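# need a structure here:
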Amino acid sequence: MKRLVLAGILVLTVTGLTAPPALHGQGVEIREWRVPWEASRPRDPFVAADGRVWFVGQRSDYLAYLEPETGEFRRYDLDRGSGPHNLIVGPEGEVWYAGNRAAHIGLLDPRTGAITRFPMPDPAAADPHTLVFDSRGGIWFTVQQGNFVGRFSPESKRIDLVPVPTPSSRPYGIAVDEHDRPWFTEFAGGKIGTVDPETLELSEIDLPRAEARPRRLVVTSDGSIWYVDFAGGYVGSIDGSTGEIREWVSPGGSGAGPYGMVADDLDRIWFVETGPRPNRLVGFDPDGEEFFSVTDIPSGGGSVRHMFFHRASREIWFGTDANTIGRAALGPLAPGEADD
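Residues are numbered from 1 along each chain as shown. Purely as a prediction, here's the structure:
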């Protein structure tokens, strides 16, 4: 056990992990829609206020949406070489995307098809990676190879870039807590980072194992930060109050390759094991510390890189390398379950 105080954050690392717990419960219902543009790597879906499910075609330079009720798709082409990596949709239907191979954040107006590009202010920040909103409509994002965390103001159009002190740490997944503080993974650094939204001071937390490769992370309602370790096959948490770090071995063990993840409205953690074929959607209950659900992805998945939880419908949405957009329906809340 070791203790570390880092920018006011106490980190208590707990070691001594056990084998994967036994599984309990049933799988969930998964439906997939085949995307009509082959081998385009549809990914990072986001459910808009009108119910449309937006996603990017990373390999084919497009933004698109699915109408789940009809199965219809509509596509908006981007400039060749844009390499869209991720998108998020604002309250008025505006679509923001990360131009991962063209060093910009882009804005699509779906009504007109007009696209506005906001270039990175530093040429070293060539690959904006994942975007996420804060509560005020600001956008935080990671820059993987450039080794930055950024903040973009849609109002002022200002972009702030914060260098990550660990060299070549590859900032990756990102989430914002209830205080508008961003948290992010350092995929090659074996760390979790955070930025003070007022001062832009960046702090890093070492994970228990130097070889850890955290991909994605989420923040639950109690302020805990949950992450998956792609290399080791773990799901872990950082207690928001004490800084204690705990980890559990994924059902798939060291070859699980956990990647895309979300937290649902009951603060249960869901992630996809990309190592097994087919990929598997796994549910973990932090209260009982048990893996309660494992479901094969019908198409096989290939890899599920990012997911989105739609609270109103209690559905998890994801894109796959098998060229599908998928939906996992969690169903209605059971009697006695809180939906706070």
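# now the strands for the stretch 201-340 of the chain?
Assigned by DSSP state E, counting those that start in this stretch, the stretch 201-340 of the chain shows strands spanning 202-206, 214-219, 225-229, 234-238, 244-249, 258-263, 269-273, 280-285, 290-296, 307-310, 315-319, 324-329.
# now the longest one: buried residues?
Buried residues in strand 290-296, counting neighbours by 16 or more other Cβ atoms under 10 Å, are found at 290-291, 293-295. For glycine as for every other residue, the C-beta is placed from the backbone atoms N, C-alpha and C.
# and if you look at the last one?
Buried residues in strand 324-329, counted by 16+ other Cβ under 10 Å: 324-328.
# between the buried residues of strand 290-296, which is closest to L66?
Distance to L66 across the buried residues of strand 290-296 (Cβ to Cβ) is lowest for T295, with 20.6 Å.
# who's in contact with that closest one?
By Cβ atoms under 8 Å, 6 or more residues apart in numbering, T295 lies in contact with 27-28, 30, 280-281, 328.
# ditto for F284
235, 248, 268-271, 290-292.
# of the contacts of T295, select the buried ones using a ChimeraX command.
With 16+ other Cβ under 10 Å as the criterion, this ChimeraX line picks the buried residues out of the contacts of T295:
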select :28,30,280,281,328
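# now the end-to-end length of stretch 238-251.
20 Å (Cα to Cα, to the nearest Å).
# centre of the chain to it, how far?
18 Å (Cα atoms, centre = their mean, to the nearest Å).
# show me what the mean pLDDT comes to for it.
Average pLDDT, stretch 238-251: 95.
# next: stretch 171-178.
Computed over stretch 171-178, the average pLDDT equals 98.
# closest one of the buried residues of strand 290-296 to G51?
For these, the nearest to G51 is T295 (23.5 Å; Cβ to Cβ).
# what about the closest one, distance to W226?
Using Cβ to Cβ, to the nearest Å, T295 is found at 19 Å from W226.
# what sits against G113?
By Cβ under 8 Å, 6+ apart, the neighbours of G113 are Y76.
# quick one: contacts for G275?
G275 neighbours (Cβ under 8 Å, 6+ apart): 233, 252, 255-257.
# around the closest residue to it other than its chain neighbours, how many other residues sit close by?
In space, and not counting its chain neighbours, G275 is closest to G257: 3.5 Å by Cβ to Cβ, 6 or more residues apart in numbering. G257 has 22 neighbours, counted by other Cβ atoms under 10 Å.
# my guess is G257 meets F271, correct?
No: judged on Cβ atoms under 8 Å, G257 makes no contact with F271 at a distance of 10.1 Å.
# check contacts around E94.
107-110.
# and stretch 95-108, end to end?
Stretch 95-108: ends 5 Å apart by Cα to Cα.
# of the strands of the stretch 201-340 of the chain, which approaches R34 most closely?
Closest among the strands of the stretch 201-340 of the chain, using Cβ to Cβ: strand 324-329, at 5.5 Å.
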